[in-house]
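Q: got a predicted model here, sequence first, then my questions.
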Amino acid sequence: MSKTPKIIYTLTDEAPALATYSLLPIIDAFTDSAGVEVETRDISLAARVLAQFPDILSDEQRVSDDLAELGQLAKTPEANIIKLPNISASGPQLKATIKELQSQGYPLPDYPEEPKNDEEASVKARYDKAKGSAVNPVLREGNSDRRAPKSVKNYARKYPHRMGEWSADSKSHVAHMSEGDFYGSEQSAVMEKAGTLKIELQQKDGTNVVLKEGLAVQAGEVIDAASMSSRRLRSFIDSQISDAKESGVLFSLHLKATMMKVSDPIMFGIVVEEFYKEVLEKHADVLKSAGFNPNSGIGDLYSAIEKLPSDQQEAIKGDVEALYQTRPAMAMVNSHKGITNLHVPSDVIIDASMPAMIRDSGKMWNANDELQDAKAVIPDRCYATIYQAVIEDCKQHGAFDPTTMGSVPNVGLMAQKAEEYGSHDKTFQMPADGTVVVTDDSGQTVFSHTVEAGDIWRMCQTKDAPIQDWVKLAVTRARDSGAPALFWLDANRAHDAQLIKKVETYLKDHDTAGLDIRILAPVDAMKVSLERIRKGEDTISVTGNVLRDYLTDLFPIMELGTSAKMLSIVPLMNGGGLFETGAGGSAPKHVQQFLEENHLRWDSLGEFLALAASLEHLGSTFGNARATLLAKALDEANGQFLDSNKSPSRKVGELDNRGSHFYLALYWAEALAAQDQDAEMKTLFARLAETLKANEAAIVDELNSVQGQSVDIQGYFRPSGELASQAMRPSKTLNDALAMVAKG
Ligand SMILES: NC(=O)C1=CN([C@@H]2O[C@H](COP(=O)(O)OP(=O)(O)OC[C@H]3O[C@@H](n4cnc5c(N)ncnc54)[C@H](OP(=O)(O)O)[C@@H]3O)[C@@H](O)[C@H]2O)C=CC1
Ligand SMILES: O=C(O)CCC(=O)C(=O)O
Ligand SMILES: [Mg+2]
């Protein structure tokens, strides 16, 4: 490979972006000495929004489209990208970002919710590019390998996190539909040859609407289509609202309105409409003219009515309060501020929200700030049933024990926008009753679904090469770890039935002698994995894209307390490496705490692990001995970091993210000082290690003593870099020590 060794470190949002102000200078100091270049690219939500409007921004305001550049890079063998979590924006978050940027002097147009002309439609389309999960599917040009390294598992055993106790008579449960959902309606086919498809709605009145045409498909590609009945979803939700009220459990809804940016906000909106039905119907005209959008949550009602005369506002608010008396209690996101589960579609995101409920004894927070049994509404059956299996297991056997439990790592199919990931431009809400028909180039019908106005219809594509790569990765992980590998595939689901055939075929390409590889329906795979995990045994989950997402929060949160401690690698299909930092998100609650009391509880272990893997990859692909040396030393430092328990505390005044970075620097420098492979590096880092060690107390004091006050960094989505850097680097002693190495 001819190009210079280079790591791209991504600048993102919220807590990981704040942490980067402190960690990146440390990384720079260490990599500079090794001749390893670390460059940054800004893929934050704000930067992605700005990148859409080069034509209206001034020269100083214009930003490059770094995401598009990295998307191209990910397809090349020299790619080495460290990807931190970013906001997958819901509608309200996107609007808040636009508002903040406007207030900072960027002349951006408002978000046109309902475009009235071509100009507004084009503005909306540009903004929608930055909406939802707009980053990960672009960069994930490979399948996913997420696991807890041994050192992390040992750490969890030595310093177990708190797990809430379970009672056998817990009333918590998962509620899902039994008909009319995606699961029940899925149809699937494998394309025999490459070509194009057309999606059309043949309306009952005889007119046809082309929803999409010229949709390219490859030979061997698995395609599927399914629909969600709006009518059945509504009646299901109504029955669950009544049931929650009768049985005295909290009503809560768990969707992925961020990643599934087209289908799930519509489902979220339907639940909001049913829950608040009387009020929304009573004030329908006023709310419509005020611009209220149920898909944005009931929080949007409160923002929308601000424009109304105060007596009208009070009448609506009063009716909402009165309605709550007749409804079941709702799970709260923040009981102090009255923020419920239906406030904003991005507050409760299923991958993190269900594990948190399971970790907290199967309970969620009520309006009195107490934990209470809950009904977790997960409408579609494709993946809902696995959570009920965990709940039943906990009711029967009690909470999991982090000091003894085994592990469930994951090998996930996601490359080239596999499965639901690539469905957004093929998801439609039906304007009228009719039949959605998908036809191929010869006019043959591939799929046909009868639909009603309001239904959601969506199509997914899964290319063959990623499936082959996924099977290979599963076999490799099974061989390397010695653990059984279970493919979580449901023969009763049309898409999974196709995958089962492919998995069976492609497994024959590999030497699987002596390996325990099985294909099980998700509920059965969950039961086997749980039985084994309680015995301290590990089981690899080999799953499609959505279960990858769900399981890589679920198991780490139970095993390690957080999915932030995961090693999360994406071996890119063209030979490069994408190193994700843990499996969690950008932790908005951490930012709240930081702004209020200057304490950042964000754990950067995911970044440390990703950096070690990235340096190792760089060392081996470019034959760069110093990168390999840095990787090895960082690996040792990570072990030492865990062993000494220098993870950030949750409490103000104690070691936080910044302090944890100091210890990482100290241990990394000590590991480099202890090696004898490279004398120059040894001398340089021995000096740093000595300085850091000698000033340990002073540095920790400088980092901790600033805490307890609020901080203003002049922006949430695009804060002032200077102020954020000052806030995140308050120790002059540490900064001076790092400058000493950076200068050599
Ligand atoms: N890879 C990506 O780009 C991903 C992005 N996201 C995005 O992240 C945002 C937030 O999503 P959300 O569902 O709240 O999930 P998060 O994983 O961001 O947060 C949920 C909770 O997990 C804990 N947590 C997560 N990361 C860390 C960490 N590094 N250190 C310590 N604790 C951590 C925190 O618990 P506690 O509050 O108890 O400290 C946090 O409140 C959304 O915008 C979502 O779209 C989500 C997942 C992946
Ligand atoms: O892309 C997203 O919106 C979230 C991704 C995610 O949660 C994951 O990959 O675990
Ligand atoms: Mg996830």
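A: Cool, the structure landed. Ligands and ions are numbered 1, 2, ... in the order given.

Q: what about residue 54, how many residues nearby?
A: For residue 54, the neighbour count with other C-beta atoms under 10 Å is 12. Bear in mind the C-beta positions are built from the backbone N, C-alpha and C, glycine included.

Q: just want the most central residue of the chain.
A: In the chain, the centroid-proximal residue (C-alpha atoms, centre = their mean) is residue 585; its distance is 5.0 Å.

Q: show me what contacts the closest residue in space to that one that isn't next to it in sequence?
A: Counting by C-beta to C-beta, 6 or more residues apart in numbering, residue 585 lies nearest to residue 85, which is 4.8 Å off, once chain neighbours are set aside. Going by C-beta atoms under 8 Å, 6 or more residues apart in numbering, residue 85 touches 12-13, 16, 580-582, 584-587.

Q: among those, which are in strands?
A: Using DSSP state E, the members of the contacts of residue 85 that fall in strands are 580-581.

Q: please report phi then psi for whichever residue of the stretch 601-744 of the chain sits closest to ligand 3.
A: Closest residue of the stretch 601-744 of the chain to ligand 3, C-beta to the ion: residue 606 (12.3 Å). Main-chain torsions, residue 606, degrees, to the nearest 10: phi -60, psi -40.

Q: burial of it, as a residue count?
A: Neighbour number of residue 606 under other C-beta under 10 Å is 26.

Q: go on, the one 5 residues further on?
A: As a burial measure, the neighbour count of residue 611 was computed by other C-beta under 10 Å and equals 27.

Q: which element is it on?
A: helix 605-622 (DSSP states H and E).

Q: and what of residue 688?
A: According to DSSP H and E, residue 688 maps onto helix 679-694.

Q: determine how far the following helix or strand past that helix lies from the middle of the whole chain.
A: For helix 679-694, the following helix or strand on the C-terminal side (DSSP H and E) is helix 696-705. For helix 696-705, the separation from the chain centroid amounts to 33 Å (computed by C-alpha atoms, centre = their mean, to the nearest Å).

Q: what residues does this protein have near ligand 2?
A: Neighbours of ligand 2 within the chain, by C-beta under 6 Å from any ligand atom: 88, 133, 136, 258-259, 351, 549, 552, 583.

Q: mind putting those in TSV, neighbour count and pLDDT included?
A: Formatted as TSV, the residues of the chain next to ligand 2 follow (neighbours: other C-beta atoms under 10 Å; pLDDT from 0 to 100):
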residue	neighbour count	pLDDT
88	26	97
133	19	94
136	20	97
258	23	95
259	21	93
351	23	97
549	29	98
552	27	98
583	30	97
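
Q: so of these, which ones are in strands?
A: Per DSSP E, strands hold no members of the residues of the chain next to ligand 2.

Q: near ligand 3, which of those residues show up?
A: Among those, proximity to ligand 3 is found for 351, 549 (C-beta under 5 Å from the ion).

Q: name the SS class of residue 23, please.
A: Here residue 23 is helix, with the state taken from DSSP: H, G, I helix; E, B strand; the rest coil.

Q: which residues touch the residue in the stretch 501-650 of the chain that ligand 1 sits nearest to?
A: Proximity to ligand 1, evaluated over the stretch 501-650 of the chain using C-beta to the nearest ligand atom, is greatest for residue 585 at 2.3 Å. Residue 585 sits next to 85, 87-88, 349, 352 when contact means C-beta under 8 Å, 6+ apart.

Q: one step back: what average pLDDT does the helix holding residue 611 get?
A: Mean pLDDT, computed over helix 605-622, is 96.

Q: report the buried residues of that helix.
A: Residues 605-619, 621-622 are the ones in helix 605-622 that count as buried (16 or more other C-beta atoms under 10 Å).

Q: quick one: low-confidence parts of the stretch 551-700 of the chain?
A: Residue ranges of the stretch 551-700 of the chain with pLDDT under 70: none are present.

Q: which parts of the chain sit against ligand 1?
A: Listed as neighbours of ligand 1 in the chain under the rule C-beta under 6 Å from any ligand atom: 85-88, 136, 258, 346, 349, 352, 562, 564, 582, 584-589, 601-603.

Q: and the helices in the stretch 51-200 of the chain?
A: Using DSSP state H, counting those that start in this stretch, the helices of the stretch 51-200 of the chain run over 66-73, 91-103, 118-129, 136-139, 150-158, 182-185.

Q: from these, which stretch is densest packed?
A: helix 182-185 (a mean of 22; mean count of other C-beta atoms under 10 Å).

Q: who are the packing partners of that helix?
A: strand 222-228, helix 381-397 (3 or more C-beta pairs under 8 Å, 6 or more residues apart in numbering; DSSP states H and E).

Q: let me know which of these is the nearest to ligand 3.
A: Short answer: helix 381-397, nearest of the helices and strands packed on helix 182-185 by C-beta to the ion, at 12.5 Å.

Q: would you put the C-alpha positions of that closest one in CSV?
A: What follows is helix 381-397, C-alpha atoms only, in CSV (Å, rounded to 0.1, in the frame of the first residue of the first chain):
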residue,chain,number,x,y,z
ARG,A,381,-43.3,-9.3,16.1
CYS,A,382,-40.1,-9.6,14.1
TYR,A,383,-38.0,-8.9,17.2
ALA,A,384,-40.3,-8.2,20.1
THR,A,385,-40.5,-11.7,21.3
ILE,A,386,-36.8,-12.0,22.3
TYR,A,387,-37.4,-9.4,25.1
GLN,A,388,-40.3,-11.4,26.5
ALA,A,389,-38.0,-14.4,26.7
VAL,A,390,-35.5,-12.4,28.8
ILE,A,391,-38.2,-11.2,31.1
GLU,A,392,-39.5,-14.7,31.6
ASP,A,393,-36.0,-15.9,32.3
CYS,A,394,-35.4,-13.2,34.9
LYS,A,395,-38.8,-13.9,36.6
GLN,A,396,-37.9,-17.5,36.8
HIS,A,397,-34.2,-17.3,37.7
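
Q: next, the contact list for residue 203, please.
A: 209, 432-434.

Q: apologies, that question was intended for residue 461.
A: By C-beta under 8 Å, 6+ apart, the contact set of residue 461 is 217, 221-223, 417-418, 422, 426.

Q: go again using 6 Å as the cut-off
A: Applying C-beta atoms under 6 Å, 6 or more residues apart in numbering, we find residue 461 in contact with 223, 422.

Q: phi, psi of it?
A: phi -130, psi 140.

Q: any idea where the strands of the stretch 101-250 of the chain begin and end?
A: Taking DSSP state E, counting those that start in this stretch to define them, one finds strands in the stretch 101-250 of the chain at 144-147, 173-175, 187-190, 195-203, 208-217, 222-228, 250-253.

Q: any idea which of those is most buried?
A: Highest mean neighbour count among the strands of the stretch 101-250 of the chain (mean count of other C-beta under 10 Å): strand 250-253, a mean of 27.

Q: other SSEs contacting that strand?
A: In terms of contacts (3 or more C-beta pairs under 6 Å, 6 or more residues apart in numbering; DSSP states H and E), strand 250-253 is packed against strand 371-377.

Q: in its sheet, what does the strand it packs on sit against?
A: Here strand 371-377 is paired, per DSSP bridges, with strand 173-175 (parallel), strand 250-253 (parallel), strand 363-365 (antiparallel).

Q: let me see the mean pLDDT of that strand.
A: On average, strand 371-377 scores 98.

Q: buried residues, it. List them.
A: For strand 371-377, burial by neighbour count (16+ other C-beta under 10 Å) applies to 372-377.

Q: using PDB, list the CA coordinates for that strand.
A: Extracted in PDB, the C-alpha atoms of strand 371-377 (Å, rounded to 0.1, in the frame of the first residue of the first chain):
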ATOM      1  CA  LEU A 371     -39.600   2.300  39.700                       C
ATOM      2  CA  GLN A 372     -42.800   0.500  38.700                       C
ATOM      3  CA  ASP A 373     -43.600  -2.600  36.600                       C
ATOM      4  CA  ALA A 374     -44.200  -1.700  33.000                       C
ATOM      5  CA  LYS A 375     -45.900  -2.900  29.800                       C
ATOM      6  CA  ALA A 376     -43.300  -2.600  27.100                       C
ATOM      7  CA  VAL A 377     -45.200  -2.100  23.800                       C
END
